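K.L.:
pasted the sequence and its predicted model underneath.
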Amino acid sequence: MKREESGDGSREAGAGHGQGGLFYRLSLWAVPLLFRLLSFMLFATCRVQQRGHQHFSGFAGAGIPFIVSFWHYGVIYIVYQARALPYVAMVSASRDGEYVSRILQSKGFATVRGSRNKGAVGALKGLMKEMARGKTAVLVADGSQGPARRAQAGTILLASRTGAPIVPVGWAADRYTTFRSWDRTAIPLPFARVVLWYGEPIRVPRELPSEELEEYRLRLEQALNELYEKSWQEFGRKEH
């Protein structure tokens, strides 16, 4: 498929990396199916308790676009939990990011491609465009490469440009496993008890002056780390 990329950073589904080898093209079709099957097998038996859900449902129930923000360690489980709402997510512009994009699209997400180091401006514009259409943005606060649990500025910029509130989210489980990645990505094991925390919304003034950006970035980082700590403390741990 011919590569087509618009000025807002979004890319037609299947474009961009579609001219790889046969195995790669087949894997782009197979990986989303495997993800949905395996995630259901792993997580469907988990017992989930939600804390502060009113912070999420207040906007979702009113059909108000907002921004869901969380640390990268929890991305797999949070993507599994995301349903019912029209979502848009920013995905790395890398070749591996195409797998993530296909997985999200299979769940009904819209995606825009970009990262802190590549296509960031176009991705921000793409997110703004999708939110103007009523979609809720899903953003990993510490990005695709970290450092872990240190918020980047992108979420604050998006909130300032759109006026959308940020709802921080975190989770923990009594039984889980982790990957050997920079963020120690975690997933709960079957029959685990999971707590899913929603924090109080963070509202960023429209057209926030650049000198105030750091204040709100730190506010988001603190809120996410407080949720992280409260979540894991429920199971007697300081961290995952």
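P.N.:
That came through fine. Since the model is a prediction, treat every value here as computed from it, not as a measurement.

K.L.:
V121 - how many residues pack around it?
P.N.:
Look at V121: counted by other Cβ atoms under 10 Å, it has 12 neighbours. (Glycine included, C-beta is placed from N, CA and C.)

K.L.:
how would you label it: helix, strand or coil?
P.N.:
Under DSSP: H, G, I helix; E, B strand; the rest coil, V121 falls in the helix class.

K.L.:
so for it, what's the pLDDT?
P.N.:
pLDDT, V121: 87.

K.L.:
repeat for S6
P.N.:
Reading off the model, S6 has pLDDT 40.

K.L.:
ok, longest strand in this protein?
P.N.:
Ranked by residue count under DSSP state E, the longest strand found in the chain is strand 166-173.

K.L.:
can you tell me the average pLDDT over that strand?
P.N.:
Across strand 166-173, the average pLDDT comes to 98.

K.L.:
in the following helix or strand past that strand, what's buried?
P.N.:
Note on strand 166-173: by DSSP states H and E, the next helix or strand toward the C-terminus is strand 176-178. If you call a residue buried by 16 or more other Cβ atoms under 10 Å, then strand 176-178 has these buried ones: Y176.

K.L.:
pLDDT weak spots in this structure?
P.N.:
Scanning the chain for pLDDT under 70 picks out 1-20, 117-118.

K.L.:
now do the helices in it.
P.N.:
For the chain, helices defined by DSSP state H occupy the ranges 22-43, 54-60, 75-81, 97-106, 120-132, 154-162, 213-233.
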